[in-house]
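Trainee: build the 3D model from these lines:
(2 chains)
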Amino acid sequence: MSQSDEQLYTFGLIDEDAKREIRRSLLKAVALPGHQVPFASRDMPIARGWGTGGLQITLAIITPTDTLKVIDQGDDASVNAVNLRRLITRTTGVATTVDTKAATLIQSRHRIPEERLRSDQILVLQVPMVDPLRWVEPNLERATVMHGEADYARMWVYMYESVVKAGDLRIASQYPVIVNSRYMMDTTPIPRWDVMRLHMAETLFLFGAGREKRIYAVPPYTPVAPLEFEDYPFRTEYQPGQRCARCGAEESFLTSHFVPGPHGGGAWVASCSDTSYCDQRLTGQG
Amino acid sequence: MGYIAARGGSEAILRAEELVHCLRLSGGSTPLLLPQIRDQLRHAVSRAMHEGALYAPLLAALAVKQAEGDSIEASFLLRAYRTTLSRVMATLPASGREMACLRRISASFKDIPGGQMLGPAQDYQVRLLQPLLAQEDDQDVARALARYQELVELGQPRPTAVGHFPKVADYLRAEQLLVPPPDDPLEEPFDLTRQALSFPAPRSARLQALAQSDTGSLMTFAYSSVRGYGDAHPTLAELRYGYLPIRVAHPLTGLPVTIGEIEATECEIISKAHSVAQSDAPPRFNLGYGFTFGQGEVKAMSMAILDSVLSQARAGSLSGESGPAANEEFVLLHSDGIEASGFTAHYKLPHYVTFEADLRVLERARDHHAATQERRLSRLVAQTTTEEPS
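Mentor: Residues are numbered from 1 along each chain as shown, chains lettered A, B, ... in the order given. The predicted model follows:
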């Protein structure tokens, strides 16, 4: 974007009234952990479903002194992360980093970084499906009443049926949790590996759903409990003996990809989905 | 590590943008000018405006050009631009009664006060491709303008009364045939750009959401309701298209001031279904309302049908199977083209973290399946061996 383009837009692209509304919704969300707060959700120059909720939160709270990190699938160089980072830096001029420890504000899709986040950091997550009750009650009017009455019986039945039919809790990602012993909350499609990292964390987690026009939050030191049964406890994707093929990490979320061999064929290898964590371990070792 | 999916970063994105730009021009044809698009692709411009919810014909022409004719993309560009504009003030409510009509028709009465006026309509054209259009030149333009002037003189229009007509709905209201409007019209309308839609939605929210919905989606819902999955029996009370004056209250005097006019389509549908909500009131027709910027007749009609169906569903006056078009949440939450296209297309984004989690769950399900099969098989084996005659 050229100099003249930049002057067309205010700091952080969206107008100050919109930012103010988002901040008010954020305050309400922090005051009621896990509760979905409606907000107007302005139109953004990127498409709905591509991170407009997270983007609006980031733009509403970012300050010129922030250091920003944007990731998608744990990866700083994923195309969508690059695109969002480009838009945010174009309209704010803030410094960016790939180093989780150096960031003050992190916007993410589908992952929480591996490194333990601190109290001076904020993680903004992009949310595609806002309500865990959608699976059992697609009607918003009725689902709102169910949340109001903390009536989660049908969700428990859904979980029970998944055990009966599939022999296990059959929810892969966006695992439902109970926040602060009150609201059932969708964890966005983070893997189960990341779910427990929301529990009693030092960090403020903000969730933005642009298309669905809802904001919710998990403030620091908030109890977050995944739905589970005594005899069918919540389990992460962790498999004993797992190891990153790249940095050798044994305690990280791995994704597999195909590496073609020199003479045709090839092999599936698993490596850390958090690329910056993986890179740092490599350089630290090397 | 040779292969990392969907990485590539800034360089790839910049080159992709450049490639789109180059491909549009690579045929070497003369670049389109905005007035050409505005005048000659009128319906594309209308659609970008009503789905983008911004009345700005030249900007809409720019959006159509930039989107290379993709209607949803063009309306998306306009919507994304609209959100950056600060709102100076709100206009006063505009009424279709004040429209200077280019066209107004009714299907409910053979003759209506003021008469039917077909106007610019493609409805009765025989759809044969016209090869001569391919060779149009400046002479054709001059001839068409001269002919238009000739026709205007022939019609001898009086300068004082240009296309103002009474409304069919007003006649029906006077005859006590229509249910009264559901909402207090003086109530401040819902503002979809400042409030999230919640349910039950007030009618003003419903109408706003429908007005900026995707034409095709509304058509599909309305069609489903009239074809078989619903109870709608619509009759077109009136469809009008023309110029609608827009007024604001003068900031100092408070008096209404006309600031311009917009091209618009307005539609009113009456439904045969009688309101039975209040059993003490006599049965009446229900009225559905449709409106678009520019000329958008299929959308205005679909909107009016859906408004009517949804009002009836709210009032509990539908009989028989009401179908998905009577489900307010289903219709309103799935018909915004920009939201629907954005989310549908977002599956192009990488999903390997969630897919990895899915794979682990699939593995567990397979293990469970294998174990169950094995148990079943051993039971079967045990059964057959015990049942075998000795």
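
Trainee: up against chain A, what does the stretch 251-390 of chain B have?
Mentor: Selection of the stretch 251-390 of chain B residues close to chain A by Cβ under 8 Å from any Cβ of the partner chain yields B:329, B:333, B:338-339, B:341-346, B:349-354, B:356-361, B:364-365, B:367-368, B:371-372. C-beta here means a position set from N, CA and C on the backbone, and glycine is covered the same way.

Trainee: domain parsing for chain A?
Mentor: By the record's domain assignment, chain A is partitioned as A:3-226, A:238-286 (automatic domain parsing).

Trainee: drop anything exposed from the residues of the stretch 251-390 of chain B next to chain A.
Mentor: By neighbour count, with 16 or more other Cβ atoms under 10 Å in any protein chain shown, those hold B:329, B:333, B:338-339, B:341-343, B:346, B:349-354, B:356-358, B:360-361, B:364-365, B:368 as buried.

Trainee: in helices, which of the residues you listed fall?
Mentor: Applying DSSP state H to those, the entries found in helices are B:329, B:333, B:338-339, B:341-343, B:352-354, B:356-358, B:360-361, B:364-365, B:368.

Trainee: tell me how far the closest residue to chain A within the stretch 101-250 of chain B lies from residue A:200.
Mentor: Ranked by Cβ to the nearest Cβ, the top residue of the stretch 101-250 of chain B for proximity to chain A is residue B:196, at 3.6 Å. Distance of residue B:196 to residue A:200, given as Cβ to Cβ, to the nearest Å: 30 Å.

Trainee: tell me where the model's unsure across the stretch 1-150 of chain A.
Mentor: Low-confidence segments of the stretch 1-150 of chain A, defined by pLDDT under 70, span residues A:1-8.

Trainee: OK, contacts around the residue nearest to residue B:269 when sequence neighbours are not counted?
Mentor: Spatial nearest neighbour of residue B:269, chain neighbours left out: residue B:304 (3.9 Å); criterion: Cβ to Cβ, 6 or more residues apart in numbering or on different chains. Contacts of residue B:304 were listed using Cβ atoms under 8 Å, 6 or more residues apart in numbering or on different chains, and they are B:234, B:267-269, B:288-290.

Trainee: check residue A:52 too.
Mentor: Residues near residue A:52 by Cβ under 8 Å, 6+ apart: A:41, A:44, A:46, A:208, A:210-211, B:342.

Trainee: then residue A:167?
Mentor: By Cβ under 8 Å, 6+ apart, the contact set of residue A:167 is B:364-365, B:367-368, B:371-372.

Trainee: any stretches of chain B with poor pLDDT?
Mentor: For chain B (pLDDT under 70), the answer is B:1-9, B:160-161, B:181-186, B:272-280, B:318-321, B:388-390.

Trainee: domains of it?
Mentor: Split by automatic domain parsing, chain B gives B:10-82, B:96-132+B:163-344, B:351-382.

Trainee: ranges for the strands of the chain?
Mentor: Picked chain A for this. For chain A, applying DSSP state E gives strands covering A:37-38, A:67-72, A:95-96, A:105-109, A:122-126, A:177-179, A:183-185, A:204-209, A:214-218, A:224-226, A:254-260, A:266-272.

Trainee: wrong one, chain B
Mentor: Secondary structure of chain B (DSSP E): strands located at B:100-105, B:234-249, B:256-271, B:286-293.

Trainee: in JSON lines: those, plus distance to residue A:168 and mean neighbour count.
Mentor: Listed next are the strands of chain B as JSON lines, based on distance: least, Cβ to Cβ, whole Å; neighbours: other Cβ atoms under 10 Å in any protein chain shown:
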{"stretch": "strand B:100-105", "distance to residue A:168": "62", "mean neighbour count": "19"}
{"stretch": "strand B:234-249", "distance to residue A:168": "51", "mean neighbour count": "20"}
{"stretch": "strand B:256-271", "distance to residue A:168": "51", "mean neighbour count": "21"}
{"stretch": "strand B:286-293", "distance to residue A:168": "49", "mean neighbour count": "25"}
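
Trainee: nearest approach to residue A:272 belongs to which of these?
Mentor: The closest of the strands of chain B to residue A:272 is strand B:286-293. By Cβ to Cβ, the value is 50.9 Å.

Trainee: list the helices and strands that closest one packs on?
Mentor: Counting contacts by 3 or more Cβ pairs under 8 Å, 6 or more residues apart in numbering or on different chains; DSSP states H and E, strand B:286-293 packs against helix B:42-52, helix B:203-211, strand B:256-271, helix B:297-315.

Trainee: please identify the most buried of the domains of chain A.
Mentor: Highest mean neighbour count of the domains of chain A: domain A:3-226, a mean of 20 (counted as mean count of other Cβ atoms under 10 Å in any protein chain shown).

Trainee: what about that domain, distance to the chain center?
Mentor: 5 Å (Cα atoms, centre = their mean, to the nearest Å).

Trainee: most centrally placed residue in chain A?
Mentor: Among the residues of chain A, the one closest to the centroid is residue A:125, at 3.3 Å (Cα atoms, centre = their mean).

Trainee: who's in contact with that residue?
Mentor: Applying Cβ under 8 Å, 6+ apart, we find residue A:125 in contact with A:54, A:107-109, A:112, A:188, A:190, A:205-208.

Trainee: now the two most distant members of those.
Mentor: Greatest spatial distance among these (Cβ to Cβ): A:112 and A:208, at 15.1 Å.

Trainee: run the chain-centre distance for stretch B:304-316.
Mentor: Its chain's C-alpha centre and that of stretch B:304-316 lie 17 Å apart, by Cα atoms, centre = their mean.

Trainee: what do you get for stretch B:42-49?
Mentor: Here the centre of stretch B:42-49 is set off from its chain's centre by 11 Å, with Cα atoms, centre = their mean.

Trainee: and if you look at stretch B:194-203?
Mentor: Distance, stretch centre to chain centre, for stretch B:194-203: 18 Å (Cα atoms, centre = their mean).

Trainee: would you mind listing the buried residues in that stretch?
Mentor: For stretch B:194-203, by 16+ other Cβ under 10 Å, it's B:195-197, B:199, B:201, B:203.

Trainee: helices of chain A, start to end?
Mentor: Under DSSP H, chain A gives helices at A:3-8, A:16-31, A:52-61, A:79-92, A:140-148, A:153-166, A:192-195, A:275-285.

Trainee: can you lay out those helices as CSV showing distance to residue B:166?
Mentor: Listed next are the helices of chain A as CSV, based on distance: least, Cβ to Cβ, whole Å:
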stretch, distance to residue B:166
helix A:3-8, 46
helix A:16-31, 42
helix A:52-61, 45
helix A:79-92, 51
helix A:140-148, 40
helix A:153-166, 54
helix A:192-195, 64
helix A:275-285, 69
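
Trainee: I'd say residue A:131 and residue A:186 touch.
Mentor: Yes: the pair residue A:131 and residue A:186 passes the contact test of Cβ atoms under 8 Å, sitting 6.3 Å apart.
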